[in-house]
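**Student:** Fold the following, please.
(chains A, B and C, ligands or ions: 4)
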Amino acid sequence: MRERVAIDLAHLPLHGRSTASPTWWGTLAFMLLEGSGFALAIAVYLYLLSNAPEWPIGAPAPDLGPGIALTALLLASLVPNHLVARWAAKDDIRRTRIGLLVMCALGVAPCILRIFEFRALNVSWDDNAYGSILWLLLGLHTTHLLTDLGDTIVLTALMFTRHGRNRRRFGDVEDNAVYWDFVVLAWLPIFACIYGVPRL
Amino acid sequence: MRAGRRLAIGVGLGLGLGGCSGSQSALDAHGAQASALRDLMGLFTVVCGTVWLLVLLALAVAVWRRRASGREPAEPGATSERRLGIVVGVAVALTVLTITGLTFASYRTTRGLTGIADEGVTIRLRGYQWWWEATYQDQAPERVFRTANELRIPVGRPVRVELAGVDVIHSFWVPSLAGKQDIIPGRQNEITLKAERPGIYRGQCAEFCGLQHAHMAFLVIAELPENYEAWRSAQLRAAEPPADPEAARGRDVFLAKSCKACHAIRGTPAGGVLGPDLTHVASRETIAAGLLPTTRGSLAAWVADPQTVKPGSKMPLVPLDADELRAVSAYLASLK
Amino acid sequence: MSAPAILPGELDRGAERAILHRQLERTWATPAGFWGALTTVDHKTIGLRYIVTAFGFLALGGVLALAMRWQLARPESRVLSADLYNQAFTVHGANMMFLFAVPVMEAMAVYLVPLMIGTRNIAFPRLNAFSYWIYLFGGILLWAAFALQIGPDVGWFAYVPLSGPQYSSGKRADIWAQMITFTEIAALAIAVEIVVTVFKQRAPGMSLDRIPLFVWGALVTSFLVMLAMPAIMIASTSLILDRLVGTHFFNPTEGGDVLLWQHLFWFFGHPEVYIIFLPATGMVSSMLPTFARRPVFGYLPLVLSIVAIGILSFGLWVHHMFTTGLPRLGESFFTASSMAIAVPAGVQIFCWLATLWDGRPVWRTPLLFIAAFIVTFVLGGLTGVMVASVPLDLQVHDTYFVVAHFHYVLIGGAVFPLLGAIYYWYPKMTGRMLSERLGRWVVGLIFVGFHLTFFPMHFLGLQGMPRRVYTYQPEMGWGAANLFVSLSSILLAAGFALFFLDVIRSARRGPVAGDNPWDASTLEWATTSPPPPYNFARIPVVTSANPLWSEREALPVVTGLRVDRREIVISSVSDATPQARESSPRDSIWPLVTAVAASVMLIASIFTPWAVVWGAIPVAAALIGWFWPKGLPEDEA
Ligand code: HEA
Ligand code: HEA
Ligand code: CUA
Ligand SMILES: [Cu+2]
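**Tutor:** Ligands and ions are numbered 1, 2, ... in the order given. This next block holds a predicted model:
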């Protein structure tokens, strides 16, 4: 087919950030599908609850300690998370590196608390359906914690290499921060289910 | 509804069926529920058939109306676009009307199905892999009895069938009498049957339940109330002691072998519950959930090697020598 | 954003075409040979591979169907044992749904969407490569198990408790569940790619109202995938957990629930059928104008009905559970919502009829398939309306009536348009035409064979024949109809065989197609057949919904893209104004490595839960290899 040149795009940047970046949208899409996974897992919880004559089944409600500590920690981590995102948006390599190190630590800590949380459930996955769904909810969220932690660690390592000083990497840091927000926010309804509902 | 029924029959005949396709057919309705469903089916068939024919007509005219004239694509004109828009709009409006009507008709039938009052005959039916256990309920515990793979019901009276699951999901379905209802472990379902005339109606498990799902049939035999009562009293009685020596030997073999671990024969020490109650097994039309007609020969064939007759069946092969087998089959055949 | 440093000479500044092509070829081409085949991230290669594999599974599943029909041809026949038959219909159903119908629709999107919206590769091309490998391994898992006679035998929806730890021993149900995991990962990956591709990579000027309808279909489908598939992931994971580590999700004696499985499955399973159907309607809408010789009538209503079907599809899962004894009033709601789907479906049918009515139809094979589609799908849709009625469904549920319904909509509603689409886009994919003469035979045989095979099943169902029975007794009176059905299926198979023959033969010997053999109006026809690795030497600029018809003299294009790195245009979501020149990743072996590592982990986890722990390590390592920057021009920003 014959062509005629209509526009020249040479002036465009070599890489877009946030809404102009496919990775940003990709992160959003993954959040959507994982979010629907979380929502369904919660729906399963409520469904089992609605069928059960008593809830929780054959166990005391989970102990609050580790869960509250973890929730507080996750909520607190949102602050440095947003700072990292802001520094990355300004292409500030030094601060971004420091921020990422902090975020690594703030990723490891909940994973440790999580171990205690599993113990505090007071029920095992193979006791009954209540135990099963509790472990599933917590397990599902733990997987997200772990994957995002892995992601953050690799990204941190990357920022300390020669590849770090790159707008593309800064964009990755921003996207990673968005994803961490998601991991934290997704936790809140699960927290409400696990700890709140049995106490209603 | 009269008109609806005539319509349904007309459609059935038109399609060359005539509603006489044997004892297990939704078109061959002999119960209140099944009749209502058949009428509804007629209504839906006519409406949907008409819609389909109209679409075919529109398609045929559309493609035969005019032919390609050169390659250049046409630019649609404003007036023709508007006219098409109106036609499409009307068609959509008619669609909305039609589905509203169909939804309403189906809702009405649904309400009709659940409105049948309970009149006392209650059967608890359990589906096992791959046979049925029926327990006839009664206020008086001594009038409760167990049978298998065959329900007898009185004509003209509603019969409540309570469906409780044990192993996997099965589905209770006698198309000539009513629609189907699943039997689900952990849940209680029920269905009401009402036969309009005496007859033998076949039913079959409709939910896939494993290896022998294909061989999980049963019969519903609708009888005049007096015959039904007679049958019921007969079922309540314990098994008659065997009259001839061969049958007596058969009973001894039965009690000596592992048979009694799974089967009950009232009036003998056999009290197993893992398999069908055999107290009156010979009074039933079929054995092994509709697989074989009840004859001495088929009983022998079954006991000799259930795993060949119905591979995977939960009844194991119990080794018997030829004499034992002959005796057991004589005994079983005597359990009228 | 400030303009970045530009290295002049590497930009396309209106270079001479031959030079431009040579430079782009150097940047975009996948090296020939085995290594190239393993590492490629070209959406066309992967899409084609996906399509061919899916059709391979169609042939396998079809052969299995023939075996079932052979068994059912006569009462009490002993061609297949009960066990083999139960595996056969399970593998047939699971294969057709998870390995053929869904993947083939996504594969068509992988191939076509980037071309139709005027970009050079799909978003996240490596994820795309990964998706194919995972899909392939999942398919091999299912068929290898079947070949070893440990194939799943619990039906394609694997109801518990039959598929649970107590009643399904061995690994059969686990293989079903893990096959689900494989195919869902593959499908989810593509869904994300398609959404981002359509949102961000449309050619400048392709505003929302200029998006080709097939692309709309693919987009809405991708959303359905993202919202529905997690349900079955949760379900199959819970099932594996019940079976492997003793959880009690579906065990009623420990607080679990049997119907929970059905709710989860059908919350996915119902949208699933529209995941298959919507792309097919998109194909019809995109092909029809070419043969009606006018733009499609009712673009906006068509888009809205695609969206409406997508939304409604989440509100009708219970219509698969009418006989489970849920409250009748609630069930009636699902009757109403199911029937409501007839409205958007009707809008589509009416718009297509209007397009044909006002057009001047050219009778080529794709149009024949569209006509066959309308005749067949409408009938299947109407039987859908019948089974949507609670009381009627009490009779026909789990009978051959339903088998008839879903083959009408699956084959008539999705496979017919798909075959038409293959006839239509084959020239673009291969550079050669399929045979028009054979094509007519294919349509004829498949159409007639299909109706003769499946229409009588309606009556079998009404006459009481349940589905999933490996045999039936002679006195049931189903013998004649079954024999007729089985014989007719040979006709149907002959049609498919002829189709395969035509496809294989024409790849070498078909007439050369040229860029735009049908004189179609969408962008994929603006480039050569088959397209070069970079799709378009210069990205087109879109000025209308039918760009090739409205820009007859010369296609407006953009310049200013770099040629030394793989560069694509990123544009805004609603009106597609260019925002950035983004890079697109190069070939890589890591997707394959990751897929192998993930497959080992998933298959081993059928046997021990520890596989998830130890298997995660190689997967993580492979992912790091995947994402670690290599200092290529693509990495510049
Ligand atoms: C491509 C796949 C596809 C499509 C498009 C559909 C479309 C529809 N399906 Fe179907 N369905 C399946 C695939 C599909 N189905 C499968 C695979 C199963 C079985 C699963 C299993 O059990 O194994 C199934 C099962 C199934 C059931 C469960 C039956 C049972 O198990 O007992 C029901 C019940 O409501 C149903 C309903 C419908 C409805 C109402 C539509 C509607 O979308 C149809 C809408 C279309 C039309 C109505 C025609 C066009 C409209 C007009 C021409 C306008 C005029 C119309 C009127 C006035 C009514 N389907
Ligand atoms: C898109 C999906 C799809 C497709 C295309 C088909 C295609 C066919 N199906 Fe199937 N079917 C299902 C989806 C599909 N089916 C599902 C979901 C179920 C439910 C399963 C369950 O209950 O769990 C089912 C169940 C099902 C049953 C019910 C089984 C039972 O309940 O016991 C039957 C019975 O007749 C059947 C028959 C057929 C036939 C004859 C075809 C024919 O159309 C097949 C025609 C194709 C061919 C025959 C292949 C031709 C190829 C060649 C000849 C080889 C050439 C090869 C090369 C050149 C390489 N199918
Ligand atoms: Cu019981 Cu099928
Ligand atoms: Cu559905």
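**Student:** ok, residue B:128 - contacts?
**Tutor:** Contact analysis of residue B:128 by C-beta atoms under 8 Å, 6 or more residues apart in numbering or on different chains lists B:166-167, B:314. All C-beta spots, glycine's among them, are computed from the backbone N, C-alpha and C.
**Student:** do residue C:493 as well
**Tutor:** Residue C:493 neighbours (C-beta under 8 Å, 6+ apart): C:62, C:66, C:449.
**Student:** What about those, which are in strands?
**Tutor:** Here DSSP state E is the test, and those give no hits in strands at all.
**Student:** Which one of those residues is nearest to residue B:214?
**Tutor:** residue C:66 (19.4 Å; C-beta to C-beta).
**Student:** Now do the same for the closest residue to chain A within chain B: helix, strand or coil?
**Tutor:** Closest approach of chain B to chain A (C-beta to the nearest C-beta) occurs at residue B:186, with a separation of 8.9 Å. Look at residue B:186: counting by DSSP: H, G, I helix; E, B strand; the rest coil, its state is coil.
**Student:** residue contacts, the nearest residue to it once chain neighbours are set aside?
**Tutor:** Once flanking residues are discounted, residue B:186 sits nearest to residue C:252: 2.6 Å by C-beta to C-beta, 6 or more residues apart in numbering or on different chains. By C-beta under 8 Å, 6+ apart, the contact set of residue C:252 is B:185-187, C:258.
**Student:** mind putting the residues you listed in JSON lines, distance to ligand 3, pLDDT and neighbour count included?
**Tutor:** Shown next, in JSON lines, are these (distance: C-beta to the nearest ligand atom, whole Å; pLDDT from 0 to 100; neighbours: other C-beta atoms under 10 Å in any protein chain shown):
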{"residue": "B:185", "distance to ligand 3": "12", "pLDDT": "94", "neighbour count": "21"}
{"residue": "B:186", "distance to ligand 3": "16", "pLDDT": "90", "neighbour count": "17"}
{"residue": "B:187", "distance to ligand 3": "15", "pLDDT": "91", "neighbour count": "19"}
{"residue": "C:258", "distance to ligand 3": "14", "pLDDT": "95", "neighbour count": "23"}
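**Student:** so residue 122, which of the three states?
**Tutor:** Here I'm looking at chain A. Classification of residue A:122 by three-state DSSP places it in coil.
**Student:** Chain C: strands as residue ranges?
**Tutor:** Using DSSP E, the strands of chain C run over residues C:555-559, C:567-571, C:578-583.
**Student:** can you tell which of these is closest to residue C:262?
**Tutor:** When the strands of chain C are compared by C-beta to C-beta, strand C:567-571 sits nearest residue C:262, at 43.3 Å.
**Student:** So which elements touch the closest one?
**Tutor:** strand C:578-583 (3 or more C-beta pairs under 8 Å, 6 or more residues apart in numbering or on different chains; DSSP states H and E).
**Student:** Quick check: neighbours of the strand it packs on in the sheet, parallel or antiparallel?
**Tutor:** In the sheet, strand C:578-583 lines up against strand C:567-571 (antiparallel) (DSSP bridges).
**Student:** What distance do you get for residue C:595 to chain B?
**Tutor:** 33 Å (C-beta to the nearest C-beta, to the nearest Å).
**Student:** My read is that that residue contacts residue C:126, right?
**Tutor:** No. If you go by C-beta atoms under 8 Å, residue C:595 and residue C:126 don't touch, sitting 10.7 Å apart.
**Student:** coming back round to it: now the strands of chain C as JSON lines including mean neighbour count and mean pLDDT?
**Tutor:** Converted to JSON lines, the strands of chain C look like this (neighbours: other C-beta atoms under 10 Å in any protein chain shown; pLDDT from 0 to 100):
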{"stretch": "strand C:555-559", "mean neighbour count": "22", "mean pLDDT": "93"}
{"stretch": "strand C:567-571", "mean neighbour count": "26", "mean pLDDT": "95"}
{"stretch": "strand C:578-583", "mean neighbour count": "24", "mean pLDDT": "94"}
